[in-house]
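> 3D model of this:
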Amino acid sequence: MEKMKIIFNKLANTLDIWFDDPQKEAISEETGEEVILKKDRQGKIIGIEKLNVLATPLKQMGKFPFEMLVE
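Numbering: from 1, shown residues only. Predicted structure coming up:
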C-alpha cells in the first residue's frame, strides 16, 4: 500500500485525502455533507475531498495523527 497523501488547500478551502495515486481518479461522487468520493475506473475509492473544511468545527473533523501538507 502506498503512503496516504493529505493536502489542505487554503485557497479552495478543501482537504483531500488520497489512499492511492491521484492520477488514477476517473469518477467524483458527491455524498452530501460537502464530501466528495474520488474513485478509479473500477469504482474503487482512492480518495476523499472535504469542501469548506475551515467552516467545519474542529471537534467534528477528528484528530489527525499524521502530517498534513498545506498548499
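> what does the residue lying closest to Met4 once chain neighbours are set aside show for phi and psi?
Nearest non-adjacent residue to Met4, counting by CB to CB, 6 or more residues apart in numbering: Phe19, 6.0 Å away. The way it works is simple: take the backbone N, C-alpha and C, and place the C-beta from them, glycine included. The phi/psi pair for Phe19 (degrees, to the nearest 10) reads phi -100, psi -10.
> where does the residue of the chain most remote from its centre land in three-state SS?
Distance from the centre of the chain peaks at Gln42, with 18.7 Å (CA atoms, centre = their mean). With DSSP: H, G, I helix; E, B strand; the rest coil as the basis, Gln42 sits in coil.
> just read off the phi/psi values of it.
Residue torsions, per degrees, to the nearest 10, at Gln42 are phi -90, psi 0.
> residues near the residue nearest to Met4, how many?
Residues contacting Phe19 under the criterion other CB atoms under 10 Å number 16.
> check the gap between it and Lys38 for me.
With the distance defined as CB to CB, to the nearest Å, Phe19 ends up 9 Å from Lys38.
> overlap in contacts of these two?
45-47 (CB atoms under 8 Å, 6 or more residues apart in numbering).
> now, which of these sits nearest Leu15?
Gly47 (10.7 Å; CB to CB).
> find the nearest non-adjacent residue to the closest one, please.
Lys38 (3.7 Å).
> host element of the one you found?
Per DSSP states H and E: Lys38 is located in strand 35-39.
> in which helix or strand would I find the residue most central in space within the chain?
With distances taken as CA atoms, centre = their mean, Asp16 lies nearest the centre of the chain, 2.5 Å away. Element membership for Asp16, per DSSP H and E: strand 14-18.
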